[in-house]
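In: Mind folding the following:
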Amino acid sequence: MDGIGRRRLAGVAILAPVGNYWWSGLPPDVYQEAWYVQFPQDRAAVWVAHHLPWLANWWNTQRLFPSSSVKARNPAIYSREDKPLSAKFAQRAHNKQVTQQGEHESLHRDMIVGFGKWGWSPLQPGNPFAGVGDDVKVHLWHGVEDLFVPVALSRYISKRLPWVIYHELPTAGHLFPVADGMPDVIVKSLLLGDG
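Out: Just a heads-up that it's a prediction; the model follows:
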């Protein structure tokens with residue numbers, strides 16, 4: 001990274017990130033805690049994306065077995081705080097762009113990449129911002145009531161990686177980024193270093 005890039009990077013915000021249950025270095029108890037928070041059909045969809053990626057598109061479009069509750073927009077996946085935000089989330093101006101290449105190239109491929117077999121693990125030691133500046137941090141935000149992405153993996157990652165500043169929202173679900181005022185809170189934490 002050149003000198004200009006070094007001065008411009010204030011930090012990185014990651015919001016309710018999907019974690020891969022098969023990352024090396026993930027302890028079995030953390031894996032178990034996160035894995036069993038998911039609905040059974042979500043565990044099955046994630047398992048298919050990891051072990052049988054060529055079948056992920058079919059799995060998430062077939063009607064013989066329950067597919068991903070996220071993809072099916074099952075209302076049970078929304079936390080109490082997510083329910084009123086779901087309409088606001090659905091009305092985002094860029095929604096059509098998200099799937100402009102079709103569901104397989106966007107949603108299903110995201111599952112394949114996110115839950116696939118990685119050649120590395122983000123849990124391996126080493127600060128990706130080493131040499132850029134000690135003030136550059138990764139701010140990881142996650143809602144405790146998130147039923148889309150279990151909070152246990154974010155908790156573990158934030159404890160394991162010292163350059164991560166963890167923001168846990170006790171009553172929030174997955175859609176907290178569209179809550180009134182939340183974008184300002186996230187940007188302020190990046191610019192002012194609020195931890």
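In: helix, strand or coil for residue 124?
Out: At residue 124 the chain is in coil, as set by DSSP: H, G, I helix; E, B strand; the rest coil.
In: Number of residues surrounding it?
Out: Counted with other CB atoms under 10 Å, residues neighbouring residue 124 total 11. Where C-beta positions appear, they are placed from N, C-alpha and C, glycine not excepted.
In: out of everything not next to it in sequence, what's closest to it?
Out: residue 25 (6.7 Å; CB to CB, 6 or more residues apart in numbering).
In: I'd like the distance between that neighbour and residue 161.
Out: Separation of residue 25 from residue 161 (CB to CB, to the nearest Å): 11 Å.
In: what touches both of those two?
Out: Shared contacts of residue 25 and residue 161 (CB atoms under 8 Å, 6 or more residues apart in numbering): residue 123.
In: out of these two, which sits in the busier spot?
Out: residue 161 (18 against 13).
In: List the residues that contact that one.
Out: 122-123, 127, 138.
In: for this protein, what spans make up the strands?
Out: 11-15, 137-143, 164-169 (DSSP state E).
In: ok so, going back, may I see the ChimeraX selection of the buried members of the contacts of residue 161?
Out: Selection command for ChimeraX covering only the buried members of these, criterion 16 or more other CB atoms under 10 Å:
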select :122,123,138
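In: List just the nearest of the contacts of residue 161 to residue 52.
Out: Distance to residue 52, by CB to CB, is smallest for residue 122 among the contacts of residue 161, at 23.7 Å.
In: ok, that closest one touching residue 158?
Out: No. Assessed by CB atoms under 8 Å, residue 122 is found out of contact with residue 158, at 11.5 Å.
In: and the residue nearest to residue 124, what is it in contact with?
Out: With contacts defined as CB under 8 Å, 6+ apart, residue 25 is in contact with 121, 123-124, 160.
In: which residues in the protein form helices?
Out: 3-8, 28-35, 40-51, 56-61, 82-90, 95-98, 103, 109-115, 151-160, 182-192 (DSSP state H).
In: hmm, back to that, any idea which of the contacts of residue 161 the model trusts least?
Out: Ranked by pLDDT, the contacts of residue 161 bottom out at residue 127 (74).
In: How about the contacts made by that one?
Out: 161-163.
In: show me where pLDDT drops low in this structure?
Out: Residues of the chain meeting the criterion pLDDT under 70: 1-10, 89-107, 125, 132-136, 194-195.
In: Recalculate using a threshold of 90.
Out: Scanning the chain for pLDDT under 90 picks out the ranges 1-12, 56-63, 65-75, 83-113, 118-138, 161-164, 178, 188-195.
In: And stretch 49-69, how far out from the chain middle?
Out: Its chain's average C-alpha position is 20 Å from that of stretch 49-69, according to CA atoms, centre = their mean, to the nearest Å.
In: got it, and stretch 16-29?
Out: Going by CA atoms, centre = their mean, where stretch 16-29 is centred and where its chain is centred differ by 12 Å.
In: Likewise for stretch 48-67?
Out: With CA atoms, centre = their mean, you get 20 Å for stretch 48-67.
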